[in-house]
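# Based on what follows, work out the 3D shape:
(chains A and B)
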Amino acid sequence: KAGVTQTPRYLIKTRGQQVTLSCSPISGHRSVSWYQQTPGQGLQFLFEYFSETQRNKGNFPGRFSGRQFSNSRSEMNVSTLELGDSALYLCASNPTSGDAFFGQGTRLTVV
Amino acid sequence: KQEVTQIPAALSVPEGENLVLNCSFTDSAIYNLQWFRQDPGKGLTSLLLIQSSQREQTSGRLNASLDKSSGRSTLYIAASQPGDSATYLCAVSRGAGGTSYGKLTFGQGTILTVHP
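Residues are numbered from 1 along each chain as shown, chains lettered A, B, ... in the order given. Okay, the predicted model is just below:
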């Protein structure tokens, strides 16, 4: 059974640019969640998508957005990048049993 | 607002010791609690999941307990090994008819170092 796939693994962007990250969940899982991890704030919830609908949203500015496709793959987008957006972005694939399976993450560096 | 606290922030032990990591949460209306392990620069690996109706779960040398009424969980690691060195994270998902299981609130983690 394939795990959670996040692409790309590493990314370097310039301030003001935008970026799109991708997550393919485990087959059969309809819920995908995104998290931001930084040394100062730890792991923070961004949003969750279930069957192409945003079901939960964390406390992040509108520059952070996401979507989910009919095959459950999800993307998150960050517009007008700031230095503080440098972080490890993690995606979780959530079965209805409640346990979360995480991908390896995308390391975003904003310069 | 749910808050999760982990104590201690860091722990260094010699190989072979049994150890306990602590996690507390402020809102007892949880759907479940999970313990994760994270190696530097990597994603999270799920160790144990305890549903809100359960009291404990065991996997190999790991045992996790849950006391919802006091808002506490402990992760017990028996006979620690250098390969256990990692950051251990506790996370809870809030219960709301089960629709919030995809939203986890994490503690800051305990950095564990097991030296030979």
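# alpha carbons only for contacts and neighbour counts from here, please
Will do.
# Tell me the bridge partners for residue 48.
No chain specified, so I'll use chain A. residue A:33, residue A:56 (DSSP bridges).
# my question was about chain B
residue B:35.
# Please report how far the closest residue to chain A within chain B lies from residue A:89.
Per Cα to the nearest Cα, residue B:43 is where chain B lies closest to chain A, at 4.1 Å. Going from residue B:43 to residue A:89 by Cα to Cα, to the nearest Å gives 9 Å.
# which residues touch the residue most central in space within chain A?
A centroid search over chain A (Cα atoms, centre = their mean) returns residue A:34, at 3.5 Å, as the residue closest to the centre. For residue A:34, the contacting residues are A:45, A:46, A:47, A:48, A:76, A:89, A:90, A:91, A:92, by Cα atoms under 8 Å, 6 or more residues apart in numbering or on different chains.
# Point out where chain B drops to low pLDDT.
B:95-100 (pLDDT under 70).
# Can you name the residues of it that neighbour chain A?
With Cα under 8 Å from any Cα of the partner chain as the criterion, chain B meets chain A at residues B:31-32, B:34, B:42-46, B:49, B:100-108.
# try 7 Å this time
B:42, B:43, B:44, B:45, B:46, B:49, B:101, B:102, B:103, B:104, B:106, B:108 (Cα under 7 Å from any Cα of the partner chain).
# Please check those residues and keep the buried ones.
B:42, B:43, B:44, B:45, B:46, B:49, B:101, B:102, B:103, B:104, B:106, B:108 (16 or more other Cα atoms under 10 Å in any protein chain shown).
# Counting only strands, which of these make the cut?
B:44, B:45, B:46, B:49, B:104, B:106 (DSSP state E).
# residue boundaries of the strands in chain B?
B:4-7, B:10-14, B:19-25, B:30-38, B:44-51, B:56-59, B:62-67, B:72-77, B:86-94, B:104-106, B:110-115.
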